[in-house]
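> Next input, structure requested:
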Amino acid sequence: MEATPIRPTLRELQRRTADELGLQAQSLQRYGSKLDLRELVLSKTRHPLRPLDERKVSAWSELSESLRQRGGNVPSGTWVPLKALTRDLTTSNSSSLTTARLDRENAASLLPSSAVIGGGATVLSGLTGSSYGITTTTPLDPADGWIAEGDPAPQREPTFGESRLTPKSLIVTVTLSRRLLHDAAVDVNALLSRELVTRLAHAIDLAAINGNGTSQPLGLLGNADLDVLEAGANGAAPTWGHLVDLEHSVATRAGQMAAPAFLMSPALAKKLRTTQRVSGGDLFLFEGRDLLGYPVRVTPNVPDNLTKGTSSGVCSALVLGDLAEIAVGFWGPAAIDLLVDDITGAKDGRVRIIARADVGIAPIRVGAFAAFKDLLAA
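Just a heads-up that it's a prediction; the model follows:
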């Protein structure tokens, strides 16, 4: 009988992910400017209008093959590491790019424009199989270790659970004209990188925050165990008290947080910036770049169309929690499988660039979050 493969622990996966990202960074430094997306795309089209730079084409082939050999995952097109897309979008220095330690900055540099990954989510790569379970426990009672003289030891034990990552297919596309691809005056590499990163970040944030649980991973707001506070029977405009209540709920359930942050929509951020803490006062609910001392991640993926009582389709959500307690797992390397389709739009002179990845997203500990779903931002 064939032995069942041993599932790596979360710590082992984090170490492997750190090793992979370190090797990716070393490859980026070695190949440098040879990793040009324009040249990669042109090499996958029929009848390019100019000779290809074979050194650049070979650089992509070698990098993709190294990722295949390391993880065993065969791409349909070409593996393009996320770090290759974001290397010009981050402010990390070269030493942080090559470290084998998966610190928050290193993981966040994969998709800095993502509210979730850029805010400190736990990123895992090299996942295999149909799903991956992360063992979780309920918070321990701080009184467990202390008893009075002669009293029996408490019998409380932590409750173990499991947070399960299941891969879903993430696909984003960018369409360019053949003329633009050949226009030397346009930095196509930067244009493509920016568009792909923006769309990938948007898709991951949507799933992590408000995913439907079918074609997308189930988002935080759809999790039945999320602590949801109520502003009013029919919703209510946000107040300072609501913000403090949210902080109290999270602090009580989560304790110390590694990557605390608020998640809110642009509409709610505007409402908080224009609402006074106290009527007639000089201070507003949201000033500067943080709220109650916590970073704020503003994203349109936090919904503004929720319903509470008679307030139909006009309520906004507000989330506070430890973003390090959200796991984003890649089946395969932390990369996109990039394909080029120059047939579908051939008659219009258009080329479609397709980026896909198999990604699972889930809260490791949903108790590290709390939310309102009925704040009125209008």
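> ok, which stretches of the stretch 201-350 of the chain are strands?
Along the stretch 201-350 of the chain, counting by DSSP state E, counting those that start in this stretch, strands occupy 227-229, 260-264, 290-291, 294-298, 306-308, 311-322, 326-331, 335-341, 350-363.
> go on, the stretch 51-200 of the chain?
Using DSSP E, counting those that start in this stretch, strands in the stretch 51-200 of the chain cover 78-81, 122-124, 132-137, 160-165, 168-177.
> nearest to Thr173, of the strands of the stretch 201-350 of the chain?
strand 350-363 (5.2 Å; CB to CB). Placement of C-beta: from N, CA and C, glycine included.
> So what touches the next helix or strand after that closest one?
On the C-terminal side of strand 350-363, the closest following helix or strand by DSSP states H and E is strand 369-376. Under the contact criterion CB atoms under 8 Å, 6 or more residues apart in numbering, strand 369-376 has outside partners 220-221, 226-232, 234-238, 242, 246, 249-250, 253-254, 268, 271, 306, 308, 311, 314-322, 325, 363.
> relative to strand 326-331, how tilted is strand 369-376?
Between strand 369-376 and strand 326-331, the angle comes out at 110 degrees (axes from the mean of the first three to the mean of the last three CA atoms, to 10 degrees).
> Tell me how far strand 369-376 lies from the chain's centre.
Mean C-alpha position of strand 369-376 versus that of the full chain (CA atoms, centre = their mean, to the nearest Å) differs by 21 Å.
> Poorly predicted segments of this structure, please.
1-5, 88-104, 138-146, 153-158 (pLDDT under 70).
> Sketch out the helices for it, chain order is fine.
Using DSSP state H, the helices of the chain run over 10-31, 37-43, 54-71, 82-86, 94-98, 104-108, 178-182, 188-210, 240-254, 266-273.
> just to revisit the earlier point, nearest to Thr122, of the strands of the stretch 201-350 of the chain?
Of those, nearest to Thr122 by CB to CB is strand 326-331, at 4.8 Å.
> What strands flank the closest one, and is each parallel or antiparallel?
Looking at strand 326-331 with DSSP bridges, its partner strands are strand 122-124 (parallel), strand 350-363 (antiparallel).
> what sits up against it?
Residues from elsewhere that reach strand 326-331 (CB under 8 Å, 6+ apart): 73, 116-117, 121-128, 132, 134, 163, 165, 167, 204, 208, 220, 357-364.
> roughly how far apart are Arg87 and His248?
Separation of Arg87 from His248 (CB to CB, to the nearest Å): 41 Å.
> The two - which one has more neighbours?
Counted by other CB atoms under 10 Å, Arg87 and His248 do not tie: Arg87 has more neighbours, with 19 against 12.
> Which residues are in contact with the closest residue to the more buried one other than its chain neighbours?
Once flanking residues are discounted, Arg87 sits nearest to Leu28: 5.7 Å by CB to CB, 6 or more residues apart in numbering. By CB under 8 Å, 6+ apart, the residues touching Leu28 are Leu35, Pro81, Lys83, Ala84, Arg87, Leu97.
> nearest to Arg7, of the residues you listed?
Using CB to CB, those come closest to Arg7 at Pro81, 25.0 Å.
> Tally up the residues packed near the closest one, please.
Counted with other CB under 10 Å, the neighbours of Pro81 add up to 26.
> what's Arg199 in contact with, if anything?
By CB under 8 Å, 6+ apart, the contact set of Arg199 is Val172, Val174, Ala355.
> make it 6 Å
Listed by CB atoms under 6 Å, 6 or more residues apart in numbering, the contact partners of Arg199 are Val172.
> circling back to that earlier point, buried by neighbour count, from the contacts of strand 369-376: which ones?
Neighbour counting by 16 or more other CB atoms under 10 Å classes 220-221, 226-227, 229, 231, 235-236, 238, 242, 246, 249-250, 253-254, 268, 271, 306, 308, 311, 314-322, 325, 363 among those as buried.
> Let me have the strands of the stretch 51-200 of the chain in a markdown table, adding distance to Ser279 as columns.
Converted to a markdown table, the strands of the stretch 51-200 of the chain look like this (distance: least, CB to CB, whole Å):
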| stretch | distance to Ser279 |
| --- | --- |
| strand 78-81 | 53 |
| strand 122-124 | 42 |
| strand 132-137 | 43 |
| strand 160-165 | 43 |
| strand 168-177 | 46 |
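> Which of the ones you listed sits closest to Val278?
Nearest to Val278, of all those, is strand 122-124, at 38.7 Å by CB to CB.
> Identify the residues contacting the closest one?
With CB under 6 Å, 6+ apart, strand 122-124 has contacts from Leu13, Thr17, Ala107, Ala324, Ala327, Val328, Gly329.
> gap between the residue nearest to Ala59 when sequence neighbours are not counted and Val41?
Spatial nearest neighbour of Ala59, excluding adjacent residues (CB to CB, 6+ apart): Lys34 at 3.8 Å. Distance, Lys34 to Val41, by CB to CB: 15 Å.
> Please apply the same query to Leu291.
Between Leu291 and Val41 the distance is 42 Å, computed by CB to CB.
> and what of Asp245?
Taking CB to CB as the criterion, Asp245 is separated from Val41 by 51 Å.
> Of those two, which one has the most company?
Neighbour totals were compared for Asp245 and Val41, and Val41 leads with 22 against 16 (other CB under 10 Å).
> dump the residue contacts of that one.
Val41 is in contact with Val340, counting by CB under 6 Å, 6+ apart.
> Ok, the one 4 residues further on next?
Listed by CB under 6 Å, 6+ apart, the contact set of Thr45 reads Asp342.
> what about 10 Å?
Leu52, Arg178, Leu181, Val340, Asp341, Asp342, Ile343, Ala346, Val351 (CB atoms under 10 Å, 6 or more residues apart in numbering).
> Wait, the fifth one touches Leu176, no?
No - under the criterion of CB atoms under 10 Å, Asp341 is not in contact with Leu176, lying 11.4 Å apart.
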